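Asker: Would you be able to build a 3D model of this:
(chains A and B)
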Amino acid sequence: MGALTVIAEGEVGAGSAANVTISSIPDTYDHLWMVTSIREGASYHVALEYRFNDDSSPYSNTYLHRQSAASGTVSFRDTSSGTGDVISRCGGDSLLADTFSSSSLWIINYAGTDNFKMCLMQASVPNSSSTDDQYTTMLSVGLYAETPAINKIRMQGAGSPEFMQYTSYVLYGVTGV
Amino acid sequence: MAVCEVIATQTLTGDTATVTFSGIPATYRHLMLRMSVRSTQNTAAGYDWIGLTYNASSGGTAYSTNTMSGYTTSTPAGDIEVGQAKTKLWAAADLDDAAELFTPIAVDIWDYASGDKNQTTMGWGGTIDASIGFNAFGGGVYDSVTAISQITLDPGAGDFVSGSEFTLYGLGDADPIL
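Answerer: Modelled structure (predicted):
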């Protein structure tokens, strides 16, 4: 039996979309894996925010982040008082034309009711520019310090830039035995 | 045939020193291991590492590990450890953390059954507690081309806490190997 099941998928059509929201996620899988190809409407890159179950807290994040040759790789941490989401990164409309950033989100044991929910997030925002802050790469680990199963995910860019046409996502349910 | 299949899942019902997947068939192209773990180590603002060995080979010097990591706001670090008995994976929550904190670790093992390549491991994980954030990506090499039929995991300083979960997946490819 296959271990991956598509729970939801979609692509932004003509125009744009303020966010992507996936509701009624069943609790019948072991893990969730969300794969996205994103271009949003502002800047080179912005925070990509994932909010669960419509909760605005408590979230924490820790990051490994590189967007500058001069300053090297940066590690930093946001506590629950500083964020309302788990956070990755996505590319924007100032990037090379037709360039979409790649990101993935793993939520391990998302349906357990005794454990906080933790996420592993990867993001690559490539560009044809080597100018600082016009590209980025990020590995982030996020904590949603609540025990209920995750049944809803909202994904949006920080400051609410619109997701541009052809932005796409697939949410997989990953099964154990 | 599905391109991704579950080989085995283990959910611990008591504290356990080691977790072993044995009898891994050589019929897949790649392996993926996903875990949600917590260690009985109890260190303030601490975390534990997970040792990984293949084919019951622990105790030798055939493993090396390289890691890129960030600790809270410190300058990120790069580490290399050679001639080790295990590959190190990071990081497991420990007992000073909230009881509900189990940390994720993702491990990918490509071409594990090739027979022509040393076994390599790519891993990524992290933990966040009340005072720290730790985020580590890296991997290791096991100096052996023998196909992997067994994987053993054990925390560096403690045992796995009851409730820790482990799932091993097999990935196929375009060849009709499944």
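Asker: Quick check, pLDDT for residue 44.
Answerer: Reading this off chain A. For residue A:44, the pLDDT comes out at 94.
Asker: Switch to chain B, please.
Answerer: 86.
Asker: three-state assignment of it?
Answerer: Secondary structure of residue B:44, reduced to three states by DSSP: H, G, I helix; E, B strand; the rest coil: coil.
Asker: Using CSV, write out every CA atom in stretch B:5-17.
Answerer: Provided in CSV are the C-alpha atoms of stretch B:5-17 (Å, rounded to 0.1, in the frame of the first residue of the first chain):
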residue,chain,number,x,y,z
GLU,B,5,5.8,2.5,0.9
VAL,B,6,5.9,2.0,4.7
ILE,B,7,8.5,-0.7,5.6
ALA,B,8,7.8,-0.5,9.4
THR,B,9,6.6,1.8,12.2
GLN,B,10,7.5,1.7,15.8
THR,B,11,5.8,3.7,18.6
LEU,B,12,7.4,3.2,22.0
THR,B,13,5.1,2.2,24.9
GLY,B,14,7.9,2.4,27.5
ASP,B,15,11.3,4.1,27.8
THR,B,16,13.7,2.2,25.4
ALA,B,17,17.5,2.3,25.0
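Asker: Spit out the contact partners of the residue lying closest to residue B:46 once chain neighbours are set aside.
Answerer: Spatial nearest neighbour of residue B:46, excluding adjacent residues (CB to CB, 6 or more residues apart in numbering or on different chains): residue B:94 at 5.3 Å. From N, CA and C alone the C-beta is placed, and that goes for glycine too. Listed by CB atoms under 8 Å, 6 or more residues apart in numbering or on different chains, the contact set of residue B:94 reads B:38-43, B:46-48, B:158.
Asker: So which of these sit within strands?
Answerer: residue B:48 (DSSP state E).
Asker: Serialize the contacts of residue B:94 to JSON lines and add fields for neighbour count.
Answerer: As requested, the contacts of residue B:94 are exported to JSON lines (neighbours: other CB atoms under 10 Å in any protein chain shown):
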{"residue": "B:38", "neighbour count": "29"}
{"residue": "B:39", "neighbour count": "28"}
{"residue": "B:40", "neighbour count": "18"}
{"residue": "B:41", "neighbour count": "20"}
{"residue": "B:42", "neighbour count": "13"}
{"residue": "B:43", "neighbour count": "13"}
{"residue": "B:46", "neighbour count": "20"}
{"residue": "B:47", "neighbour count": "27"}
{"residue": "B:48", "neighbour count": "26"}
{"residue": "B:158", "neighbour count": "19"}
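Asker: Check the contacts of residue B:94 against chain A and report the nearest one.
Answerer: The shortest approach to chain A among the contacts of residue B:94 belongs to residue B:38, at 8.7 Å (CB to the nearest CB).
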